[in-house]
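In: Sequence and computational prediction follow.
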Amino acid sequence: MATSDWATQQLAEFLAVTTTAADEHVAVVHALERLVESFGAEAGAFLRGDLVVASLGWTVGDDPEDQLLGVAAGEQSSVDLPGAGPCEATVVPVDRDERTMLVLARAGEAFSADEVALLRGMARVLSLALRLLGALIAERRQAEENARLVSSLRERQALLERLSAVQHRISSRAPLPDVLNAITNGVAELLGNELAVLQLADGGPEGLSLSVTPPGAPPLGAPGARAGGARRPGAAPVSPGVGAQAIRENRLCIGAMGPEATAGPPFPGHPELRSAMAAPVRIEGKAAGSLVVGTARAGRPYPPSEQAILTAFAEHAGIAINDARAVQATKKALDDAKFQATHDELTGLPNRACFYERADQVLSLAGREGTSTAILLFDLNHFKEINDTLGHKYGDRVLCEIGPRLRQGLRQSDTLARLGGDEFCVLLPRVESRRSALEVAERILILLEQPFYVEGMALVVEASCGVAIAPDDGGDADLLLQRADVAMYVAKGSHMGVVAYDDELNTNTVGRLNLLGEMRTAVQKGQYVLHYQPKASLRDGRVEGVEALLRWQHPTLGLLPPTEFIPLAEHAGLIRPLTSWVLDAALEQLANWRRQTGIPLPDRLSMAINVSARSLLDDTFPHQVVAALERWGVPAYLLGLEITESTIMSDPPRARRLLGELAESGVKVAIDDFGTGYSSLSYLKDLPVTELKIDKSFVLDMNTNPSDAIIVRSVIDLGRNLGLFTVAEGIEDRQTWELLRDLGCDCGQGYFLAKPTPADALGNWFATREVPKLSAVR
Ligand code: C2E
Ligand code: MG
Ligand code: MG
């Protein structure tokens, strides 16, 4: 082979071995092998500056380093190789910048100029190959670095996504348990741990999640673990181990159970955990809890990057809790401020502003539903005297008692407000009628009249009330209050308890005020009279007793029926003396009849009188009754008291007590106008009542109105079932009399039998009455 061909081939082979090497060192070693072989040399070396990077042909450790460096420096041209003896040496540069060179040593024949030229060429090839490799390796390193960066970016991305989800929940004020769930779930998932627990040393605020495992995690079986769920605060005490340590030392802590299991579990609440890590959760700057992650995998390392993740999540938990607390505090402050703005400071009742707001709501709803709404405005009478004579302390105590007292007479949906001073207002949604609103007002007045006890002193407070009803008296709160106010002033001025607004209030009031003035002296002037109406057995027509019905023989207006003046007397507080007068006069009359011999009166003729609420609910009333019976020598069983259902319902416990006392003295009690009120059967059953009087409004039309007949029949059945005597009032004709008799009603009263008549006329009636005719009705 020609020298040039040979040289070319050597170069090509040299190029192949050097450029295919995996790295620089391999390239150098392969290059030396190739050179030693190509030039039949004993040894070769690759030098960088004063350093022998690689060599071939020398026994390890025997490198004639000094000789090689001497050749490289041009100080010698031969070397003495152990085992080969003196050798010719030649040196060629590889890369001047790098100060690298090749040294070859051959025994015997010196290197020819061609060989040196070839060697130089090969050195250049090597230089090129090394540069290429350098670039390749740098590129590979860069690629690896890039891959590492990408994966760490991915991790960071996942972390950021989790954290930003948490931040979003915090900033959108999601419920705290949701936020904390997101934190525990997020960190458990990112770190690939089965358990993540957030625990607070003090149990934390209401609703705080304490212990959470990520959904889908294998169940840990430990008592505290629940997949994907939150536990209420206080349910789990802070476990010792890393969790407690992190709080105590206010730093991130890692715990692992050694193979010998001597150290105990890192998170004792979960004994199956082998590795756990906890970061402190700081609330208001203090370590108040910890976020713990744990796994059942033993020896799980927690590198700094994971520690940083846990720390970040623990910090977010702290932010979320702090934020929730701040929100709670702000909300409470707002609620407090709102309450203060809408409630009266002294009594805690809604104030005027709040009353208007509720009234507007109720009125607009009532407008849509077509129902009525009532406003009852109360003003205490002479309240100033309590303040002036006893001091504001007493007055304030009374004002504070009024709310709880009046609540007893109201429904849940009614609003009671203090408008200011001694003015209170009640809003009644869905009232059935003006009459039922007035009944509520009356009931409230009776409740108010019971004494208030302040430091052992009984303080009696009376009030006046004005009533206005929507839609009749006005459609908005302003107008209604204004009208209730007008009615209230009329009530106050006329000493009437309750006055309902009506457009003619002024003209009416004048007449009523006059009547009221006259009523005060009517007893002394002997203007009251009693008329008597008999009640007879429906079976045989025998008269059982009479009912005393009051009339006022007015000097100019004539004989006034009780409906014209009794409500006025009740409102003006004049009813008690009037009842006393009726009681006395009726018993006197009965005593007279019992003494007279000329009239064919039944032996056991009884006398019934009507008693209104304020008289009955007066604690002294039973005593008065007993005294009157004794005064006229009438046995108690001959006296009957007729009371209405609303009387009982205005204060049931009191009514029951006083009726009990009366019944004990032997007096009979009847419920008058039964069917018009709302008394509950459970009350009736427990009351010492002996008689039910069916209201005349049902009896009058029962012949023509089937629903009235049904009501009458069911009252009779009810009476029979409760063992009560039933009396039908308002019987105007024979047909009704017979119908009632057939229905099993015990007694009848009405124009058919006799109209209410003065005592002497009744005597005649008894004398001329043809009882057999009536009994022969059958
Ligand atoms: P009341 O106790 O239900 O009395 C029955 C009323 O029905 C009486 O009216 C009587 O005249 C009337 N009446 C009786 N039979 C008939 C009839 O067949 N047809 C019709 N249309 N009416 C009949 P009066 O006398 O006007 O009394 C009205 C109410 O005044 C009484 O109803 C009672 O609640 C009350 N009242 C009467 N006297 C007194 C009293 O001394 N004290 C009290 N607090 N209230 C009284
Ligand atoms: Mg009656
Ligand atoms: Mg009646």
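Out: In hand now; what should we look at? Numbers count the residues shown, from 1 in each chain. Ligands and ions are numbered 1, 2, ... in the order given.
In: rest of the way, CA atoms for contacts and neighbours
Out: Noted.
In: and the residue in the stretch 51-200 of the chain that ligand 3 sits nearest to, backbone torsions?
Out: Taking Cα to the ion, ligand 3 has its nearest neighbour within the stretch 51-200 of the chain at P175, 62.3 Å off. Here is the backbone geometry of P175 (degrees, to the nearest 10): phi -50, psi 140.
In: For it, give me its contacts.
Out: P175 makes contact with no residue under the criterion Cα atoms under 8 Å, 6 or more residues apart in numbering.
In: How about L81?
Out: Per Cα under 8 Å, 6+ apart, neighbours of L81: 58, 64, 87.
In: Can you pull out the residues in contact with the strand or helix carrying the last one?
Out: Translated: C87. In this assignment (DSSP states H and E), C87 forms part of strand 85-95. Residues from elsewhere that reach strand 85-95 (Cα under 8 Å, 6+ apart): 71-72, 77-81, 99-111, 116, 119-120, 123-124, 126-127.
In: Just the ones of those residues in helices?
Out: Within the contacts of strand 85-95, membership in helices is found for 71-72, 116, 119-120, 123-124, 126-127, as judged by DSSP state H.
In: Just the buried ones out of those residues, please.
Out: In terms of neighbour count (16 or more other Cα atoms under 10 Å), the buried residues within the ones in helices among the contacts of strand 85-95 are 71-72, 119-120, 123-124, 126-127.
In: pretty sure F698 is touching P706, no?
Out: No. F698 is beyond contact range of P706, at 10.0 Å (criterion: Cα atoms under 8 Å).
In: Below-threshold pLDDT in the chain: ranges please.
Out: Low-confidence segments of the chain, defined by pLDDT under 70: 1-3, 59-63, 202-240, 258-265, 268-269, 503-513, 571-572, 650, 677-683, 770-778.
In: what residues are up against the residue in it that ligand 3 sits nearest to?
Out: Ligand 3 sits closest to D673 of the chain, with a gap of 4.1 Å, by Cα to the ion. Applying Cα under 8 Å, 6+ apart, we find D673 in contact with 644-645, 693-696.
In: Neighbour count and distance to L416 added to the residues you listed, as a markdown table?
Out: Listed next are these as a markdown table, based on neighbours: other Cα atoms under 10 Å; distance: Cα to Cα, whole Å:
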| residue | neighbour count | distance to L416 |
| --- | --- | --- |
| T644 | 21 | 27 |
| E645 | 21 | 25 |
| K693 | 25 | 35 |
| I694 | 27 | 35 |
| D695 | 19 | 33 |
| K696 | 22 | 36 |
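In: Now flag whichever of these is closest to E155.
Out: Each of those was scored against E155 by Cα to Cα, and E645 proved nearest at 80.1 Å.
In: show me where the stretch 51-200 of the chain has strands.
Out: For the stretch 51-200 of the chain, the strands defined by DSSP state E, counting those that start in this stretch cover 51-56, 78-81, 85-95, 100-107, 195-200.
In: on that earlier part again, more crowded one of F698 and P706?
Out: Neighbour count, other Cα atoms under 10 Å: between F698 and P706, F698 has more, with 23 against 11.
In: does the more buried one belong to a helix or a strand, and which?
Out: Per DSSP H and E: helix 696-699 holds F698.
In: Extract the CA atoms of that helix and return them as CSV.
Out: Listed in CSV are the C-alpha atoms of helix 696-699, where the atom choice follows Å, rounded to 0.1, in the frame of the first residue of the first chain:
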residue,chain,number,x,y,z
LYS,A,696,-127.8,32.7,69.9
SER,A,697,-126.2,33.5,66.6
PHE,A,698,-126.2,29.7,65.8
VAL,A,699,-129.6,29.1,67.3
